[in-house]
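K.L.:
Kindly generate the corresponding structure for this input.
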Amino acid sequence: MRFLMACIFILAMALFASAQNLSNTKATVTNNTSPNRVVNSENTEYQKLRMDGFNALYNMDYKSAQAKFTQMAQILPEHPAGHFYLATNYWLELLNSSRRLQTNLYSGESFYVDTKDKVDEKVDKEFRRLLAISLEKAESNIKKNPKDVESIYYQGAAHGLMASYEATVTRSFFSALRHGSKSVDLHRQVIELNPNYIDAYLTIGAYDYIAGSLPFAVKILATIGGIRGSKERGLEELNLVTEKGLYAQDDARVLLITLYGRENKNVEILNLLETLSNKYPQNYLFKIERANTLVKLNRATESYQLFEELLKDKNAQKTADLIHYQYAEAFANQGRNSDALREFQKIKNISGSSPELVTRAYLRAGQMLDLLTKRSEATLEYQTVLKRENVFDSHEQAKKYLQKPYVIVKGS
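P.N.:
Predicted coordinates:
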């Protein structure tokens, strides 16, 4: 089950990424002069707004990105892109505020436990409203021209973004899988209409990788159901996007970082992260991921130095809680439990810390105290977790370690 849920997340992120950066179809789509094509309405100003919005989004300047995407929606009200990107921006800002933009959050079992998250009703309603407008516009354009490649792409993109939202915010994983599958089907239609639509291979590559990664017994059943894939082909398709994609090159790099993590290809991950960090200097997440990867490569000193630089970076101070948390995990990975404990405990006292992250920090602090044989102090941390709102399986874990001290199991 954990493998399936991890696959859903990978697919959801791929669908978001492919949707976020629609290919420059005026350069790639044949028969460009056919009527009733949404791409024909785009002009230079519109395309510049798109690129400026993407740049702001990748640099985590959500306010500027929102302004650019709003202008897109105003300039071409029948185009699905503007509202789609507004929904994307809204979702990513929400994930950032709840500290759910780190890949290692999704590598453990806790995120996938069967507990429902409390989602702010107003927030949920606004996201769904924006996405529904985009989907409605895409479907309206397709009725006018069933071969409108861009509108079909955005139709698939909308389902892909919903898959991402359901997987990462509401944690409704099977709903995410349904939307994800529909998105893949639609993007395959895009390739059938135009094989040179390289950016569409981002979604398809993720699907091929996942289908090819299924355990043998599951793969046999999946094949009977018509699900086939190849890890190697999936990675090749994603690398094709990094090399020949027009707007989805960086999205493919982000996805490859996630997949290479499953393959323990940390050198390749580091190279991708260095490219992205240099291109988007305001995006502190790429720097945190670099620091985490350096630890895995036994370059701990460089990792710690990078964390210290981040803590001094004024642009990253608004997310100091996440930096301290990841710094703590880096120490824990190296068995430096006292240092890890210090960083976990700092999070509790940072003004504006994410409540979700604070709960997780209490739990991890208790575990570090157990490893340091400070049992009475550890139990106080676990008891505090139980007094706070449940985050994933935090209550279950706290109860478990109140009964028996936390220990590191070999091979875990």
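K.L.:
Skip the chain neighbours and tell me the closest residue to Gly82.
P.N.:
Closest residue to Gly82 apart from its sequence neighbours, by C-beta to C-beta, 6 or more residues apart in numbering: Ala73 at 2.8 Å. From N, CA and C alone the C-beta is placed, and that goes for glycine too.
K.L.:
Distance check, that neighbour against Leu86.
P.N.:
Here Ala73 is placed at a distance of 7 Å from Leu86 (C-beta to C-beta, to the nearest Å).
K.L.:
what comes up buried for stretch 308-327?
P.N.:
Going by neighbour count (16 or more other C-beta atoms under 10 Å), the buried part of stretch 308-327 is Leu310, Ala316, Thr319, Ala320, Asp321, Leu322, Ile323, His324, Tyr325, Gln326, Tyr327.
K.L.:
Surely the fourth one touches Ile350?
P.N.:
In other words, Ala320. Yes. Using C-beta atoms under 8 Å, Ala320 is in contact with Ile350, at 5.5 Å.
K.L.:
Phi first, then psi, for the residue nearest to Gly82.
P.N.:
phi -60, psi -30 (degrees, to the nearest 10).
K.L.:
list the contacts for it?
P.N.:
His79, Gly82, His83, Leu86 (C-beta atoms under 8 Å, 6 or more residues apart in numbering).
K.L.:
can I assume the last one is in contact with Phe69?
P.N.:
This points to Leu86. Yes. At 4.8 Å, Leu86 counts as touching Phe69 under the criterion of C-beta under 8 Å.
K.L.:
who's in contact with the helix or strand hosting Asn278?
P.N.:
Using DSSP states H and E, Asn278 sits in helix 266-279. Applying C-beta under 8 Å, 6+ apart, the contact partners of helix 266-279 are 58, 250, 253-254, 256-257, 260-261, 283, 286-287, 289-290, 293-294, 296-297.
K.L.:
mind running it again at 10 Å?
P.N.:
The contact list for helix 266-279 (C-beta atoms under 10 Å, 6 or more residues apart in numbering) reads 55, 58-59, 103, 242, 249-250, 252-261, 263, 265, 283-299, 306.
K.L.:
Ok, stretch 405-412 next?
P.N.:
Against stretch 405-412 from outside (C-beta under 10 Å, 6+ apart): 108, 332, 335, 337, 363-364, 366-371, 373-375, 378-379, 382, 397, 400-401.
K.L.:
Can you read off the pLDDT for Lys277?
P.N.:
You called it Lys, but residue 277 is Ser. The model reports Ser277 with a pLDDT of 91.
K.L.:
Measure how buried it is and give me the count.
P.N.:
Look at Ser277: counted by other C-beta atoms under 10 Å, it has 17 neighbours.
K.L.:
same check, this time on the one 4 residues further on
P.N.:
The criterion is other C-beta under 10 Å. On that basis, Pro281 has 12 neighbouring residues.
K.L.:
wait, it sits on Ala316?
P.N.:
No. With contact defined as C-beta atoms under 10 Å, Pro281 does not reach Ala316; the gap is 11.0 Å.
K.L.:
what do the two both touch?
P.N.:
With C-beta under 10 Å, 6+ apart as the test, Pro281 and Ala316 both reach Lys287.
K.L.:
mind listing the helices for the stretch 101-250 of the chain?
P.N.:
Here the stretch 101-250 of the chain has its helices, by DSSP state H, counting those that start in this stretch, at 121-144, 149-165, 173-193, 201-213, 216-224, 231-244, 249-262.
K.L.:
Deepest in the core, which of these is it.
P.N.:
helix 149-165 (a mean of 28; mean count of other C-beta atoms under 10 Å).
K.L.:
helices or strands up against that one?
P.N.:
helix 2-20, helix 25-28, helix 81-97, helix 121-144, helix 173-193, helix 201-213 (3 or more C-beta pairs under 10 Å, 6 or more residues apart in numbering; DSSP states H and E).
K.L.:
Need the buried residues of stretch 308-327 in a markdown table (columns: secondary structure, distance to Ile408 and pLDDT).
P.N.:
Below are these laid out as a markdown table (DSSP: H, G, I helix; E, B strand; the rest coil; distance: C-beta to C-beta, whole Å; pLDDT from 0 to 100):
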| residue | secondary structure | distance to Ile408 | pLDDT |
| --- | --- | --- | --- |
| Leu310 | helix | 27 | 93 |
| Ala316 | helix | 30 | 81 |
| Thr319 | helix | 28 | 87 |
| Ala320 | helix | 27 | 92 |
| Asp321 | helix | 25 | 92 |
| Leu322 | helix | 23 | 92 |
| Ile323 | helix | 24 | 94 |
| His324 | helix | 21 | 95 |
| Tyr325 | helix | 19 | 94 |
| Gln326 | helix | 19 | 93 |
| Tyr327 | helix | 19 | 96 |
